[in-house]
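S.K.: Requesting a structural model of the entry that follows:
(chains A and B)
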Amino acid sequence: MNRRIISWLIVSSLMCAAGYAALFIAPDERTMHDAQRIFYFHVPSWVAMFLAFFVSVFGSISYLFTRKQRCDWLGVAGAEVGVVCCTLGLITGPLWGKPAWGIWWTWDARLTTTLVLWLLYISYLVLRSMVEETERRARICAVFGIFAFLDVPLVYVSNRFWRTQHPTPVFFGGPNAGVDPTMGKVLLLCFAAMVAVMTVLLLDRYHLERLRCEVSLLTSEIESRDLDKRSRMAREHV
Amino acid sequence: MKNFQYLLAAWIAVWVVFFLYQISLSRRFSQLRDEIKRLKERLR
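M.R.: Below is the predicted model:
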């Protein structure tokens, strides 16, 4: 069995264990009941998203300093996997919001800055597909990646600085924050599962970019060889 | 079992999003591997 299959088996088992704990071990919440269990997918997906975007900005900054292609691959891998996690958060959020608040969506600071973040990183990926030249693409995307990341701290502090429909943070949110100890343990398992999924996806995406680089190297090698052959033939003809 | 439909929808969404992304990655992997194989054959 290859490395990818083994890592996916481990991650899927972790996801199943986290799902079981969230559905059957975590205690029932008195007001929201089952809908509150969305918390165990929703919060970990944001944590995974933040980590992925941190990796992306680290790659972008490193690229601008070192000009190494590996840093650019890290940048795009983090951005794409971050978008996947952000999409999960944006889907599970309204599914929790409807039974909890009675509405699917509201334009408060937390939700709006998060949607802007998702759009910024989608733009990063679109921008990447629009620039052909490798070095120029890496440079432009690194700068844009850093710009997009500026929204991440804004998302984090949005429900601390402004009054929002979105509740204040459960962790590091002041004296009244915190969860039941069993809920905390289940949440920790869910964090581990989501971060493991994010890591495996990120490594796969990084490897994909490496293969893409190999294709462009082989293509340029063939092109230069064909050019040599053509010029030799032209000289022989003369 | 109150509000179970929302939980079920969220649970399915998580698996579907990861599954679709994994399919997209696998498809891109196989395309690139085929391309590399083809290019290496041309270089020989």
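S.K.: So for the residue minimising distance to the centre of chain A, what's the nearest residue that isn't a sequence neighbour?
M.R.: Nearest to the centroid of the C-alpha atoms of chain A, with distances taken as Cα atoms, centre = their mean, sits A:G82, at 1.0 Å. The shortest distance from A:G82 to any non-neighbouring residue, by Cβ to Cβ, 6 or more residues apart in numbering or on different chains, is to A:A52 (3.5 Å). In this view, the C-beta of every residue, glycine as well, is placed from N, C-alpha and C.
S.K.: burial of the one you found, as a residue count?
M.R.: A count of nearby residues for A:A52, using other Cβ atoms under 10 Å in any protein chain shown, gives 26.
S.K.: A:A21 and chain B, how far apart?
M.R.: Noted for A:A21: a distance of 13 Å to chain B, by Cβ to the nearest Cβ, to the nearest Å.
S.K.: shouldn't that residue be in contact with A:L188?
M.R.: No. Using Cβ atoms under 8 Å, A:A21 makes no contact with A:L188, being 9.6 Å away.
S.K.: what about the two, which has more around it?
M.R.: A:A21 (19 against 13).
S.K.: thinking again about what came up before, mind listing what's buried in the helix or strand where the residue nearest to A:G82 lies?
M.R.: Assigned by DSSP states H and E, A:A52 belongs to helix A:39-66. Residues A:39-53, A:55-64 are the ones in helix A:39-66 that count as buried (16 or more other Cβ atoms under 10 Å in any protein chain shown).
S.K.: Let me know the average pLDDT across the next helix-or-strand element following that helix.
M.R.: Scanning forward in sequence from helix A:39-66 by DSSP H and E, the next helix or strand is helix A:69-101. Averaged across helix A:69-101, pLDDT comes to 94.
S.K.: where are the low-confidence patches of chain B?
M.R.: B:1 (pLDDT under 70).
S.K.: Show me the helices in it, by range?
M.R.: Taking DSSP state H to define them, one finds helices in chain B at B:4-43.
S.K.: tell me which parts of it are close to chain A?
M.R.: Taking Cβ under 8 Å from any Cβ of the partner chain as the criterion, chain B approaches chain A at residues B:1-4, B:6-7, B:9-11, B:13-14, B:17-18, B:21-22, B:25, B:28-29, B:32-33, B:35-36, B:39-40, B:42-43.
S.K.: Pull out the buried residues from these.
M.R.: Of the residues of chain B next to chain A, these count as buried by 16+ other Cβ under 10 Å: B:3, B:6-7, B:9-11, B:13-14, B:17-18, B:21-22, B:25, B:32, B:35-36, B:39.
S.K.: and the angle for the helix holding A:A52 with helix B:4-43?
M.R.: Inter-element angle recorded for helix A:39-66 and helix B:4-43: 30 degrees (by axes from the mean of the first three to the mean of the last three Cα atoms, to 10 degrees).
S.K.: Now do helix A:39-66: which elements does it pack against?
M.R.: For helix A:39-66, the packing partners by 3 or more Cβ pairs under 8 Å, 6 or more residues apart in numbering or on different chains; DSSP states H and E come out as helix A:69-101, helix A:109-130, helix A:134-149, helix A:151-161, helix A:181-237, helix B:4-43.
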